[in-house]
Every structure is written in C-alpha cells, then in structure tokens.
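Trainee: sequence unknown, structure follows:
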C-alpha cells in the first residue's frame, strides 16, 4: 500500500527566509506526486505535481519541488516566503495512470511565518 | 463558475440527527470522492464513485451512505450522527482512465455534532 510521511508537523520560518518542507513516500513504482496547500477555512489547492521527466518541477506562488527516486522524497521549496504562505501543506501520492483510487495524503505540515 | 461546489458549508446538529451534504462538479470529470479531515487535519478517503458506480468504500460506518445520481453529483447522507463524526468533509473530483490523478477539491463542509 502506498503511504506518505511528512516528518514535520509544524515549521516556523521568518518572512523572507527560504523554506523546505519534507515529504517521503512509499510506493511500488514511480508514483504521481503532488503538493497541495490549504489556507484556513479553505479547500485544498494544487501547488505542483510530478509525473515524469524533469525531476525539478515548478508550481504556483513561487514553489518548486524535487523528486529524488533514490531517497523516495519529494521536498517542497521556496526561496523567500511571504506572510501569505502561512497555511497547511500536504504531500500526496497517487497511482500511475490515474484511476478512481484517489490520492493518499501525508498528515500535513503547518507553516507559521514570523514577521 | 465554481468547479467543485458543496453545500452546506457549515452544519451544526445534535447527536442522533440525520444530515446530508451535496456536491456538484462542472469539470466534466468522471470520478468523485468524499474525504474526511479530522481535527488534526488528517485527510482520509471515504468513498469514490466512477460514472455513478461505487469504487472505493473504505472502513466507514454504514451510517454513512453516499449516492451519485449522475457523474456530476455525489451526495453524502449521514444517519444517527455521533460526536466523532464532527469533521470537515471534502468532496473532490478527477479524471480516471488515463488521467493524472489530480484531485480538484470543494471548499469543504464543516460538520459539528453537539
């Protein structure tokens, strides 16, 4: 069965500082990988996704993530955070080819931005 | 214009009552889902429907009954509500065959059982 681990429950970063959120996955083959963001009281918005090809993927709001097969990781990065980035971030894994199995989510990382 | 819309956004009710949440998507997707987000923000799939057919039915009490009248709609009915049912319920949709697996989420329905 596939699974996702986000080892950091909370992360606090100063505004303007760089950010890296960790994600490790367990899957039998190369999965589809996603990062979603959830602002308070809102639904989940897709930041970026990886299917194949270039292992460094660019997303919205200045985020990027790097797929590292050898480490089973898909860490999310941003060079300079803004106060509006404070939110819950979820890494997710899905089966190749889509299907109706949905995505398996990590438990999320709560990002706090210090002024 | 909302891609995935769910109603109501908030429900507050007493234990033992029955409630329903409705979901509609206008993205032309063939698969719809219900996810439950608990107080610790953990997201867990409950059900998925593909072209009105139930595909995934996770270990969910049978007090929860999904219904898909057509592939653009997926409703969730909950009988005999319990305190532990308090959560945010998210509807989502996607393309299945040949799709990327990307889920498009509604804004959630926060259920509070008193």
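Mentor: Nice, I can see it. From a predicted model like this one, the values you see are computed outputs, not experimental measurements.
Trainee: so the most centrally placed residue in chain B is in which element?
Mentor: Geometric centre of chain B, nearest residue: residue B:34, 2.9 Å, by C-alpha atoms, centre = their mean. Using DSSP states H and E, residue B:34 sits within strand B:31-37.
Trainee: give the pairing partners of that strand; include direction for each.
Mentor: Paired strands of strand B:31-37, with direction, are strand B:43-50 (antiparallel), strand B:87-94 (antiparallel) (DSSP bridges).
Trainee: beta partners for the residue nearest to the centre of chain B?
Mentor: Bridge pairing for residue B:34 - DSSP bridges - gives residue B:47, residue B:91.
Trainee: tell me which parts of chain A are close to chain B?
Mentor: A:32, A:34, A:36, A:38, A:42-46, A:49, A:51, A:88, A:90, A:92, A:94-95, A:97-105, A:107-108, A:110 (C-beta under 8 Å from any C-beta of the partner chain). Heads up, the C-betas are built off the backbone N, CA and C, glycines and all.
Trainee: hmm, try it at 10 Å
Mentor: Counting by C-beta under 10 Å from any C-beta of the partner chain, chain A comes close to chain B at A:9, A:31-34, A:36, A:38, A:41-46, A:49, A:51, A:88, A:90, A:92-110.
Trainee: buried residues in the helix or strand where residue B:66 lies?
Mentor: Per DSSP H and E: residue B:66 is located in strand B:64-70. Within strand B:64-70, the residues scored as buried using 16 or more other C-beta atoms under 10 Å in any protein chain shown are B:64, B:66, B:68.
Trainee: any part of that strand near chain A?
Mentor: No - Strand B:64-70 does not reach chain A (C-beta under 10 Å from any C-beta); its nearest approach is 11.8 Å.
Trainee: then stretch B:11-22?
Mentor: No - against chain A, stretch B:11-22 shows no contacts by C-beta under 10 Å from any C-beta, the least distance being 13.6 Å.
Trainee: show the end-to-end separation of that stretch, please.
Mentor: 12 Å (C-alpha to C-alpha, to the nearest Å).
Trainee: name the residues that touch it?
Mentor: Residues outside stretch B:11-22 that contact it (C-beta atoms under 10 Å, 6 or more residues apart in numbering or on different chains): B:5-9, B:34, B:63, B:65-67, B:73-83, B:85-86, B:89-91, B:106, B:108-114.
Trainee: what about residue A:61, is that helix, strand or coil?
Mentor: Judged by DSSP: H, G, I helix; E, B strand; the rest coil, the three-state class of residue A:61 is helix.
Trainee: number of residues surrounding it?
Mentor: Residues lying near residue A:61 (other C-beta atoms under 10 Å in any protein chain shown) number 13.
Trainee: do the same with the one 10 residues further on
Mentor: Around residue A:71 there are 10 other residues, counting by other C-beta under 10 Å.
Trainee: got it, and residue B:26?
Mentor: 12.
Trainee: rounded mean pLDDT for stretch B:69-83, please.
Mentor: In this model, stretch B:69-83 has a mean pLDDT of 96.
Trainee: show me what contacts the residue nearest to the centre of chain B?
Mentor: Per C-beta under 10 Å, 6+ apart, neighbours of residue B:34: A:102, B:6, B:21, B:23, B:44-49, B:56, B:58, B:60, B:64, B:66, B:74-76, B:89-92, B:109.
Trainee: can you rerun that using 6 Å?
Mentor: Contacts for residue B:34 (C-beta atoms under 6 Å, 6 or more residues apart in numbering or on different chains) come out as B:46, B:47, B:76.
Trainee: who does the last one form a beta bridge with?
Mentor: Looking back up the chat, that one is residue B:76. residue B:21, residue B:66.
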